[in-house]
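Student: what would the 3D arrangement of this be:
(2 chains)
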Amino acid sequence: MAAAALALLLVPGPGAAAATAGRPLSVAAAANLEAVLPDLKAAFEAERAGAEVRFTLGASGSFFAQIGNGAPFDVFLSADAEYPQRIVRAGLAREEDLAVYATGTLVVWAPAGTRLALEERGLAALADPALRKLAIANPALAPYGRAAEAALRASGVLPAVKDRLVLGESVGQAAQFAQSGAADAALVPRSLTFAPALRGGKVFPVPAGLYPAQPQSAVALSRARDLEAARAFVRFLAGPKARAVLSRYGYGPP
Amino acid sequence: MDPSALRLSFALATLTTLALLGLGLPIAHWLATSRWRWKFLVEAVVALPLVLPPTVLGFYLLFGLGPNSPLGRAWEAVFGQRFPFSFGGLLVASVLYSLPFAVQPFSAALAAVDPRLVEASHSLGVSSLATFFRVTLPLSWNGILAGAVLTFAHTLGEFGVVLMVGGNIAGETRTLSIAIFDHVQALEYGPANRTSALLLAMSFAVLVLVYALQRRPFLRWTGR
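Tutor: Here you go, the predicted structure:
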């Protein structure tokens, strides 16, 4: 069972039977991009005639492992700048096919009726015993999980909440834990709070000094079946049209 | 390798097996002896976890027993902790998920017991419960053991449900299979390999035990 699940996870992407010509661009995207992707896709497909983009969402660390093991993605949009750099160093992409496309920020998301006094007390409010479970993404796999851990540590609240942390496989699962009420709050990238299911919740921005800046890189993979289209997508992401879309979803400029 | 994950997986598998011996035997006994015309509906419900993706079970458990549902609030009031992200929650999920792996072998073993022996016991004035423990159970023990061992092994290998409702808490819900998943995703192939090899060896040993117990020479040797 576990072995079968792993095998499936390690070999994602469209079936091998798909023809090369007219085949959609296969993009592995960090889960923080979930809400913005439909708009990015529409803008790119409007700009480049005949282009079609397909996304797979997940934790950046998971995608990094999968790409290292030959997963058939054309472009990788990471939640950080580090994984794409390592892909370049591993010889799976060229330096010039890499671009920083956005800077993300971290927020605390809690349901609208939350009793946590985030405005008054900041992150210290998370130590409140009313908070039974706090969801973050797994720091081993997700850059925003690491940022969340850093922010909790820097604000001094980590020892108090350590035993109440639950880890999602990606920021998407961390958000889902809080949205479903299973956890009382989640530390997630601001961009996710634009997803329809999270609208209406309480959003508290984590002060910028508490965690390292989160520049996010995209990279066109050298084994892409249509490398020209993959490069065009990375150029598009770093360009003004994509920036306008990204800024609507709370991303800062690179 | 993570010793707390190993302990946790063993505790979960052991308790799930015990729970399913207590819960599964009465269900299996009823399935084996009932002549109710709608019995097949119950059989279908018991078999559901065989065909459902674990994600379906995980999804409904998360929302059906989460803190926003009446059942979830009742759970929290009784046990003092939430259903998701707790060992107790995983135990309930595992019992549901492994139900057919226990009930089907139990039921097959109980159905194979000659009803004349049971009737003879009844006609001698022995109660139903005593007949079950003194006649039916000794005659079907190898099928029941097979069901118990399969339940144990199946719970050790559980992944999807735990991923959905566990929350990956060390010592509480991070089972062996989740630890392997994390190791692989983080490119820690050494620890992933050690944990995987252990699970592989244990699963093989368990299945060898099950099949050895069902061999004819063994059954003759034990007097059957």
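
Student: ok, the residue of chain B found nearest chain A - how many residues close by?
Tutor: Each residue of chain B has a distance to chain A, by CB to the nearest CB, and the smallest belongs to B:G167, at 3.2 Å. C-beta here means a position set from N, CA and C on the backbone, and glycine is covered the same way. Residues near B:G167, counting by other CB atoms under 10 Å in any protein chain shown, number 28.

Student: after the helix or strand that B:R116 is a member of, which helix or strand is next? Please name it.
Tutor: When secondary structure is defined by DSSP states H and E, B:R116 falls within helix B:115-123. Moving toward the C-terminus from helix B:115-123, the next helix or strand (DSSP H and E) is helix B:128-131.

Student: can you list contacts of that following helix?
Tutor: Outside of helix B:128-131, the residues within contact range by CB atoms under 8 Å, 6 or more residues apart in numbering or on different chains are B:V118, B:S121, B:H122.

Student: which one of the residues you listed sits closest to A:A125?
Tutor: The shortest gap between A:A125 and any of the contacts of helix B:128-131 belongs to B:V118, at 64.7 Å (CB to CB).

Student: residue contacts, the residue in chain A that chain B sits nearest to?
Tutor: Proximity to chain B, evaluated over chain A using CB to the nearest CB, is greatest for A:V166 at 3.2 Å. Residues in contact with A:V166 (CB under 8 Å, 6+ apart) are A:K133, A:L134, A:A135, A:I136, A:A174, A:F177, A:A182, A:A183, B:F85, B:G167, B:N168, B:I169.

Student: mind doing that once more with 6 Å?
Tutor: Residues in contact with A:V166, defined by CB atoms under 6 Å, 6 or more residues apart in numbering or on different chains, are A:K133, A:A135, A:A183, B:F85, B:G167.

Student: list the buried residues in stretch B:139-151.
Tutor: When neighbours are counted by 16 or more other CB atoms under 10 Å in any protein chain shown, the buried residues of stretch B:139-151 are found to be B:L139, B:S140, B:N142, B:G143, B:I144, B:L145, B:A146, B:G147, B:A148, B:V149, B:L150, B:T151.

Student: strands of chain A, residue ranges please.
Tutor: Under the criterion DSSP state E, chain A carries strands at the ranges A:25-30, A:53-58, A:75-77, A:98-104, A:106-110, A:134-137, A:165-168, A:185-189, A:202-205, A:214-220.

Student: closest one to B:L71 among those?
Tutor: Closest to B:L71 of those is strand A:165-168 (CB to CB; 20.0 Å).

Student: how about the residues of chain B near chain A?
Tutor: When proximity is defined as CB under 6 Å from any CB of the partner chain, chain B approaches chain A at B:62, B:66-68, B:84-85, B:157, B:159, B:167-168, B:177, B:182, B:185-187.

Student: if we go to 7 Å?
Tutor: Residues of chain B found near chain A (CB under 7 Å from any CB of the partner chain) are B:62-63, B:66-68, B:82, B:84-85, B:157-160, B:163, B:167-169, B:177, B:180-182, B:184-187.

Student: can you select the buried ones from those in ChimeraX?
Tutor: With 16+ other CB under 10 Å as the burial test, the buried ones among the residues of chain B next to chain A are selected in ChimeraX as follows:
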select /B:62,66,67,82,84,85,157,158,159,160,163,167,168,169,177,180,181,182,184,185,186
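
Student: now, which of the residues of chain B next to chain A lie within strands?
Tutor: Filtering those for membership in strands, criterion DSSP E, returns an empty set.

Student: just the buried residues of stretch B:139-151: which are in helices?
Tutor: Where those overlap with helices, as defined by DSSP state H, the overlap consists of B:L139, B:N142, B:G143, B:I144, B:L145, B:A146, B:G147, B:A148, B:V149, B:L150, B:T151.

Student: who are the contact partners of the fifth one?
Tutor: Applying CB atoms under 7 Å, 6 or more residues apart in numbering or on different chains, one finds that B:L145 lies in contact with B:L213.

Student: for the first one, same thing?
Tutor: The neighbourhood of B:L139, defined by CB under 7 Å, 6+ apart, consists of B:V113.

Student: number of nearby residues for residue 201?
Tutor: I'll assume chain A. Using other CB under 10 Å, A:G201 is surrounded by 20 other residues.

Student: right idea, wrong chain: chain B
Tutor: For B:A201, using other CB under 10 Å, the count is 10.

Student: immediately after the helix ranked longest in chain B, which helix or strand?
Tutor: Assignment by DSSP H gives helix B:3-33 as the longest helix of chain B. On the C-terminal side of helix B:3-33, the closest following helix or strand by DSSP H and E is helix B:39-51.

Student: could you give me the buried positions within that next one?
Tutor: Neighbour-count burial for helix B:39-51, with 16+ other CB under 10 Å as criterion, is recorded at B:V46, B:P49.

Student: pLDDT of stretch B:154-166, averaged?
Tutor: Summarised as a single mean, pLDDT over stretch B:154-166 is 90.

Student: just the endpoints, please. Distance across it?
Tutor: Terminal residues of stretch B:154-166 lie 17 Å apart, using CA to CA, to the nearest Å.

Student: ok, residues contacting it?
Tutor: So stretch B:154-166 is in contact with A:1-2, A:5, A:169, B:9, B:12-13, B:16, B:53-55, B:57-59, B:61-62, B:84-85, B:89-90, B:93-94, B:97-98, B:101, B:173, B:175-178, B:199, B:202-203, going by CB under 7 Å, 6+ apart.

Student: one more pass at 8 Å, please.
Tutor: Counting contacts by CB under 8 Å, 6+ apart, the residues touching stretch B:154-166 from outside are A:1-2, A:5, A:169, A:182, B:9-10, B:12-13, B:16-17, B:53-55, B:57-59, B:61-62, B:83-85, B:89-90, B:93-94, B:97-98, B:101, B:173-178, B:181, B:199, B:202-203.

Student: put the buried members of these into a ChimeraX selection.
Tutor: To isolate the buried subset of the contacts of stretch B:154-166 in ChimeraX, counting by 16+ other CB under 10 Å, use the following:
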select /A:1,2,5,169,182 /B:9,10,12,13,16,17,54,57,58,61,62,83,84,85,89,90,93,94,97,98,101,173,174,175,176,177,178,181,199,202,203
